[in-house]
Every structure is written in structure tokens, then in C-alpha cells.
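> Okay, sequence plus prediction incoming.
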Amino acid sequence: MKVFRRFLLPVLVYLVVSGCGDDKGTSSQDNLVPSVLVASWTLTSGTVNGVQVPLATMLGWESRTTHAVFVIAAAGTYGYYEKDNDSAVVWQDSGAFGVSGSTFTLSGGQIPIDGGQWSVSGTKLTLTMFESGYTFVILARRPG
């Protein structure tokens, strides 16, 4: 499972911090994360090359992990939290965002990453990344 975490967690982080979406009118300052992304996102599903893959497998969760939350803050920080049934944190990562237009950079966490595509529709976030011939898609939802 650690092999999956080393490979697919960076993919998730890459997806969350990357952007090619339309962020016009969503941020009051150029260096802040667009407000449409600022939320606590609960991961709901994922695919690899269009095939549904359990998040636990994609992200290499510990056996007691039941869900994961990705928190994106306007000030340019993120937190990733894998949690158990009681919402106790099983594993976590955090770091800083850099923003330039629709491009995001992640630093200070497990692995520095930049690039990717994102879109938000209502309370749903779709994150897509293309890597080594694979297309990874992670879906997440925020309260609302």
C-alpha cells in the first residue's frame, strides 16, 4: 500500500493544486487561491483511464482509513487528511500553494508538484491529470 501512496498521493496533490479552469472574478488578489477552490473537499471517487478505481487503492490508504479531505485555503495553503470512521486523522500532509493565473504550484509538502486541470460545478470539484499515458480523475464534493 505504501507504493500506491508514494505514486498516487502525489497525483492527487498534483490534481488539487493544478489548474486550467476559468477563475475570472474568483479572487480579489492575484497571488491568492481562487475562491471557487477555497473549501474543505471530501474525495468521492476516482478513475484511471476511465475505469473506476477505489480511492483506497488509488491513494494507498491505511487499512483503517475510510475517507479523505483536502482543505484549500485562500492564503495559499493546503491540508490533506485521511480519516477513519470516527474522523480521527490517520495520515496527513500539508504545504503551500503558489498561484499564477490558472497554474498552481504545491510546495512544502511530501512532493513538490505543479500543473494539471481542474473544474468546479456547484459543490463538485473535478481534478484531472495526464501522466505517463494515464489519465487520472479525482472527484470531490464540498458542503453546500
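Noted; the coordinates are in hand.
> Check which residues of stretch 70-84 are buried.
By neighbour count with 16 or more other Cβ atoms under 10 Å, stretch 70-84 contains the buried residues 70, 71, 72, 73, 76, 78, 79, 80, 81, 82, 83. Quick note: C-beta positions are derived from backbone N, CA and C, even for glycine.
> ditto for stretch 32-43
For stretch 32-43, by 16+ other Cβ under 10 Å, it's 32, 33, 34, 36, 37, 38, 39, 41, 42, 43.
> Name the nearest of these relative to residue 88.
Distance ranking of these against residue 88, using Cβ to Cβ, places residue 42 first at 15.6 Å.
> And the pLDDT at that closest one?
In this model, residue 42 is scored at 98, pLDDT.
> what stretches of this structure score poorly on pLDDT?
1-31, 98-106, 111-116 (pLDDT under 70).
> Downstream of the helix or strand containing residue 129, the next helix or strand is which one?
In the assignment (DSSP states H and E), residue 129 maps to strand 124-131. Using DSSP H and E, the helix or strand that follows strand 124-131 towards the C-terminus is strand 134-141.
> Over to stretch 127-144 now: how far is its first residue from its last?
End-to-end distance of stretch 127-144 (Cα to Cα, to the nearest Å): 19 Å.
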